[in-house]
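Chemist: kindly return the folded structure for what I paste below:
(one chain, ligands or ions: 1)
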Amino acid sequence: MKHWWKNFFKPITSEVMFKPREGKQTHLEVNEVLKQIGNNKKNLEILDMCCGEGRHSIFFAKMGHKVFGLDFSNHFLKMARSRAKKARLPIKFIKGDMKLASNYFLKSQFDVVVSLYNSFGYFDKRSDDFKTLKEVNKVLKPGGYFVINTLNANAVKIRLEKQYSMGYEISKNLFMIDEAFLDLKKMRTNSNWTIIDARKQKTSIFRGSFQQNVYTHKEMKKMLKKAGFKVVRTWGTLQGGPFDENKSWHQTVLAQKAI
Ligand SMILES: C[S@@+](CC[C@H](N)C(=O)[O-])C[C@H]1O[C@@H](n2cnc3c(N)ncnc32)[C@H](O)[C@@H]1O
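Modeler: Numbers count the residues shown, from 1 in each chain. Predicted coordinates:
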């Protein structure tokens, strides 16, 4: 579906994606990013790109950093703003498209840009994924860091070789059916989510589809270099788990803008 990312991200999808990761897990993810870029750095200006409901932005800001969040979903931005207000944190959440990031910020504004939890590869044209990397490069200071977490094509190829289908209960009376396959020609995943919410008297059903371009680690490194970055290191899970080129579902890459 064209531009699926404009409509897919809603309160019900947030329950599935973010709720299980809130709190302790998000804290670990933020700590890992800060550890990888060097924990001694204070008062950083950080862009949380595709910030969702701001779960990482909040922790970065609590640690004293100046944080901006960029996202396209009105639902998520509303939630992010209300959370920041409640926590009395001066985070600015901006609505915008990641592939146009330099429209909303100054050139060389940020010390760090993060794209966490699989927020890359969403565009119909792969050239727009590459454009996003170039935009990140523009808004980073020379020597600034970019941390990006995305799917690892080698592992996706193995798991989604055949159509994948799985149903489970996310929390009491909230069920999900997750179906996916990989279009090998386009190297693009096709996923269908059915979320059945039976927590209220009237059961509601959400159906949504999304597609994601997948990249091998070699391709990711090549793209980052072409966009003006030096690749510093790679890990697997957002909490710092090791990266295996064939087995890790995600790749998390630390890249640095050339000085
Ligand atoms: C998987 S969620 C990750 C959210 C957040 N990073 C987290 O870990 O909680 C992907 C996010 O990307 C946002 N998004 C999708 N397409 C976008 C675009 N073109 N520009 C900006 N944000 C976008 C969605 O609204 C959603 O919040």
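
Chemist: for the stretch 51-200 of the chain, which residues are neighbours of the ligand?
Modeler: When proximity is defined as C-beta under 6 Å from any ligand atom, the stretch 51-200 of the chain approaches the ligand at 51-52, 55, 70-73, 76, 97-98, 116-119, 122. For every residue, glycine as well, the C-beta is placed using N, CA and C.

Chemist: repeat that with 5 Å
Modeler: Gly52, Arg55, Asp71, Phe72, Ser73, Phe76, Asp97, Met98, Leu116, Tyr117, Ser119, Tyr122 (C-beta under 5 Å from any ligand atom).

Chemist: can I get those residues in a markdown table with neighbour count?
Modeler: Shown next, in a markdown table, are those (neighbours: other C-beta atoms under 10 Å):
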| residue | neighbour count |
| --- | --- |
| Gly52 | 24 |
| Arg55 | 25 |
| Asp71 | 25 |
| Phe72 | 17 |
| Ser73 | 23 |
| Phe76 | 24 |
| Asp97 | 17 |
| Met98 | 23 |
| Leu116 | 24 |
| Tyr117 | 20 |
| Ser119 | 21 |
| Tyr122 | 22 |
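
Chemist: those residues: which two are farthest apart?
Modeler: Arg55 and Asp97 (20.7 Å; C-beta to C-beta).

Chemist: still on that earlier bit, inside helices: which ones of the residues of the stretch 51-200 of the chain next to the ligand?
Modeler: Among these, the members falling in helices (DSSP state H) are Arg55, Phe76.

Chemist: filter the residues of the stretch 51-200 of the chain next to the ligand down to the ones in strands?
Modeler: Asp71 (DSSP state E).

Chemist: export the residues of the stretch 51-200 of the chain next to the ligand to CSV and tack on pLDDT?
Modeler: What follows is these, written out as CSV (pLDDT from 0 to 100):
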residue, pLDDT
Gly52, 98
Arg55, 98
Asp71, 98
Phe72, 98
Ser73, 98
Phe76, 98
Asp97, 98
Met98, 98
Leu116, 98
Tyr117, 97
Ser119, 98
Tyr122, 98
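
Chemist: which residues of the stretch 1-150 of the chain fall in helices?
Modeler: Here the stretch 1-150 of the chain has its helices, by DSSP state H, counting those that start in this stretch, at 11-17, 24-37, 55-62, 74-86, 126-139.

Chemist: most tightly packed of those helices?
Modeler: helix 55-62 (a mean of 23; mean count of other C-beta atoms under 10 Å).

Chemist: return the distance of it from the chain's centre.
Modeler: Chain-centre distance of helix 55-62: 15 Å, with C-alpha atoms, centre = their mean, to the nearest Å.

Chemist: Ile196: what's it in contact with?
Modeler: By C-beta atoms under 8 Å, 6 or more residues apart in numbering, Ile196 lies in contact with Leu174, Phe175, Met176, Ile177, Thr203, Ser204, Ile205.

Chemist: looking at those residues, which one is closest to the ligand?
Modeler: Nearest to the ligand among those, counting by C-beta to the nearest ligand atom, is Met176 at 15.0 Å.

Chemist: state the helix or strand in which the closest one lies.
Modeler: Using DSSP states H and E, the element containing Met176 is strand 174-183.

Chemist: please save the CA atoms from the next helix or strand after that strand in PDB.
Modeler: Following strand 174-183 in sequence order, the next helix or strand is strand 188-197 (DSSP H and E). What follows is strand 188-197 as a C-alpha-only set of coordinates in PDB (Å, rounded to 0.1, in the frame of the first residue of the first chain):
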ATOM      1  CA  ARG A 188      10.600  -5.800   0.900                       C
ATOM      2  CA  THR A 189       8.500  -7.300   3.700                       C
ATOM      3  CA  ASN A 190       4.700  -7.300   3.500                       C
ATOM      4  CA  SER A 191       3.000  -7.600   6.800                       C
ATOM      5  CA  ASN A 192      -0.600  -7.800   7.900                       C
ATOM      6  CA  TRP A 193      -1.700  -7.200  11.500                       C
ATOM      7  CA  THR A 194      -5.100  -8.000  12.900                       C
ATOM      8  CA  ILE A 195      -5.600  -6.800  16.400                       C
ATOM      9  CA  ILE A 196      -8.700  -8.000  18.300                       C
ATOM     10  CA  ASP A 197      -9.500  -5.900  21.300                       C
END
